[in-house]
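Novice: The following comprises the amino acid sequence and a computationally predicted model.
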Amino acid sequence: MAGQENPLPDTLFRALLDALPESIALIDAQGNILYVNAAWLAFGRQNAPNLALDWTEQNYLQACRMAEDEGEDDGRIAAEGIQAILHGDIPVFRHEYPCHSPGHKRWFLMQAMPLLWAGRTYCVISHHDITERKLAEERVEAMAYVDGLTGIANRRHFDGFLEQEWRRASRSGTPLALVMLDIDHFKPFNDHYGHQAGDDCLRRIGSALQDFAQRAGDLAARYGGEEFALVLANTELEPAARIAEEVRAAVLALGIPHAHSPVDRVLTVSLGVASMRPNKEAAPERLIKMADQALYAAKKAGRNRVATASPETSTGGTM
């Protein structure tokens with residue numbers, strides 16, 4: 001700010017800060033920006049090219065509060081952390097935050113530390129680019145939610161996704177459907193053709209099922225063994241049953257030979273379908289149980305077919 005005492009009179013010190021890759025700023029006890037290094041200036045030009053900012057005329061705490069007013073929780077967290085530094089409550093403050101652009105994902109680590117100079121307390125703020133680490137973490141996390149054999153969602157992903165969609169449907173009052181799929185007579189298939197052919201069969205069925213999960217609220221998952229699941233958001237029982245029939249036909253069209261199946265000469269599947277409008281009195285396990293009951297009914301009726309269940313018709317049968 002104009003007329004303020006500058007605690008960094010040494011030009012060599014400034015040159016050293018300009019040589020660092022981290023974006024660095026110095027603010028006073030009121031949040032006024034006293035100095036920014038070259039990396040800070042460069043980041044500002046890249047991300048706000050239309051704003052010819054004189055950073056020494058800005059207040060960093062005010063900028064954080066403006067971001068908070070716009071609904072960005074990171075602004076509130078940053079302002080509270082910096083104030084804690086300036087008040088001497090904590091020795092260091094760190095916060096990781098996203099800074100994505102339309103074309104790139106980016107994350108930064110913000111770090112704030114106190115600086116005592118000539119009897120006054122200042123705050124040094126630095127921003128470190130941690131995008132490479134965060135992208136690696138995203139890849140590792142994604143692997144934890146993918147079935148290693150089929151490449152679609154695994155049971156862990158399914159459980160979390162169904163819980164999430166259940167809450168969303170409960171808030172909006174919309175129906176949530178679940179299709180459970182089981183490969184007919186998979187054990188004799190494995191025994192006759194071998195486990196490699198069995199694995200290839202699971203992959204092909206997983207790929208076929210994935211084609212029916214095109215919306216944000218849909219998910220195709222391997223539920224376990226030769227059983228798969230398809231979550232369908234905002235879908236009533238009748239359209240969900242039609243989709244299940246399309247899935248059955250798509251698997252049949254794969255034409256996977258199954259010489260030891262009493263159902264057909266090619267591999268077939270049985271499917272159970274359930275749909276309900278979630279509420280606070282019920283849990284996702286109820287929808288799973290209903291779909292399981294329908295799957296049991298499809299298998300009992302001869303397999304290679306679709307059966308349905310609803311809250312009104314559910315009888316509590318077991319597999």
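Specialist: It's in.
Novice: surely residue 166 meets residue 176?
Specialist: Yes: the criterion here is CB atoms under 8 Å, and residue 166 meets it with residue 176 at 6.3 Å. C-beta coordinates here come from the backbone N, C-alpha and C atoms, glycine included.
Novice: list residues touching both of those two?
Specialist: Listed as contacting both residue 166 and residue 176 by CB atoms under 8 Å, 6 or more residues apart in numbering are 278, 287.
Novice: The two: who's more crowded?
Specialist: Taking other CB atoms under 10 Å, residue 166 and residue 176 do not tie; residue 176 has more neighbours (26 against 21).
Novice: Which elements pack onto the lowest-mean-pLDDT helix or strand in the chain?
Specialist: Lowest on mean pLDDT, DSSP states H and E among the helices and strands of the chain sits helix 38-47, with a mean of 84. Judged by 3 or more CB pairs under 8 Å, 6 or more residues apart in numbering; DSSP states H and E, the packing partners of helix 38-47 are helix 11-18, strand 23-27.
Novice: Swap in 7 Å and give it another go.
Specialist: If contacts are counted by 3 or more CB pairs under 7 Å, 6 or more residues apart in numbering; DSSP states H and E, helix 38-47 sits against strand 23-27.
Novice: outside of the strand it packs on, which residues touch it?
Specialist: Contact with strand 23-27 is made by 8, 17, 33-37, 39-40, 43, 60, 122-127, as judged by CB atoms under 7 Å, 6 or more residues apart in numbering.
Novice: change it to 6 Å
Specialist: 17, 33-37, 39-40, 43, 60, 122-127 (CB atoms under 6 Å, 6 or more residues apart in numbering).
Novice: Next: stretch 230-240.
Specialist: 162, 165, 174-175, 177-179, 217-220, 273, 275, 308, 310.
Novice: what's the answer for stretch 241-255, then?
Specialist: Contacts of stretch 241-255 (CB under 6 Å, 6+ apart): 179, 204-205, 208, 212, 266, 269, 271, 273, 306, 308.
Novice: where along this protein do the strands fall?
Specialist: Secondary structure of the chain (DSSP state E): strands at 23-27, 33-36, 93-98, 107-117, 120-129, 176-183, 219-224, 227-233, 269-276, 306-309.
Novice: what pLDDT, on average, does the first one get?
Specialist: In this model, strand 23-27 has a mean pLDDT of 95.
Novice: next one: the fourth one
Specialist: Here the mean pLDDT over strand 107-117 is 94, rounded to a whole number.
Novice: and what of stretch 255-274?
Specialist: Mean pLDDT, computed over stretch 255-274, is 96.
Novice: Could you write out the alpha-carbon coordinates of that stretch in CSV?
Specialist: These are the backbone C-alpha positions of stretch 255-274, laid out as CSV (Å, rounded to 0.1, in the frame of the first residue of the first chain):
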residue,chain,number,x,y,z
GLY,A,255,-23.1,-65.6,-28.7
ILE,A,256,-20.7,-67.0,-26.1
PRO,A,257,-20.9,-70.8,-26.4
HIS,A,258,-22.1,-72.8,-23.4
ALA,A,259,-22.3,-76.4,-24.3
HIS,A,260,-23.2,-77.6,-20.8
SER,A,261,-26.1,-75.1,-20.2
PRO,A,262,-29.6,-76.7,-19.8
VAL,A,263,-31.0,-73.3,-20.8
ASP,A,264,-29.5,-72.5,-24.2
ARG,A,265,-26.5,-73.4,-26.3
VAL,A,266,-25.1,-70.0,-25.7
LEU,A,267,-24.4,-68.2,-22.4
THR,A,268,-27.5,-66.6,-20.8
VAL,A,269,-28.2,-64.4,-17.7
SER,A,270,-31.1,-64.0,-15.3
LEU,A,271,-32.0,-60.5,-14.0
GLY,A,272,-34.0,-59.2,-11.1
VAL,A,273,-35.3,-55.7,-11.1
ALA,A,274,-36.6,-53.5,-8.3
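Novice: From the chain's centroid, how far away is that stretch?
Specialist: Here stretch 255-274 is found 34 Å from its chain centre; the criterion is CA atoms, centre = their mean, to the nearest Å.
Novice: Then stretch 73-90?
Specialist: Computed by CA atoms, centre = their mean, the chain-centroid distance of stretch 73-90 equals 28 Å.
Novice: And for stretch 143-156?
Specialist: Relative to its parent chain, stretch 143-156 has a centroid offset of 14 Å by CA atoms, centre = their mean.
Novice: Let me see the mean pLDDT of it.
Specialist: What stretch 143-156 shows for mean pLDDT is 93.
Novice: Now do the same contact list for the spatially closest residue to residue 129 that is not a sequence neighbour.
Specialist: Closest residue in space to residue 129, ignoring its immediate chain neighbours: residue 108 at 6.0 Å, by CB to CB, 6 or more residues apart in numbering. Shown in contact with residue 108 (CB under 6 Å, 6+ apart): 99, 127, 129.
Novice: would you turn these into JSON lines with distance to residue 136, neighbour count and pLDDT?
Specialist: Converted to JSON lines, those look like this (distance: CB to CB, whole Å; neighbours: other CB atoms under 10 Å; pLDDT from 0 to 100):
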{"residue": "99", "distance to residue 136": "17", "neighbour count": "15", "pLDDT": "80"}
{"residue": "127", "distance to residue 136": "19", "neighbour count": "18", "pLDDT": "93"}
{"residue": "129", "distance to residue 136": "13", "neighbour count": "17", "pLDDT": "91"}
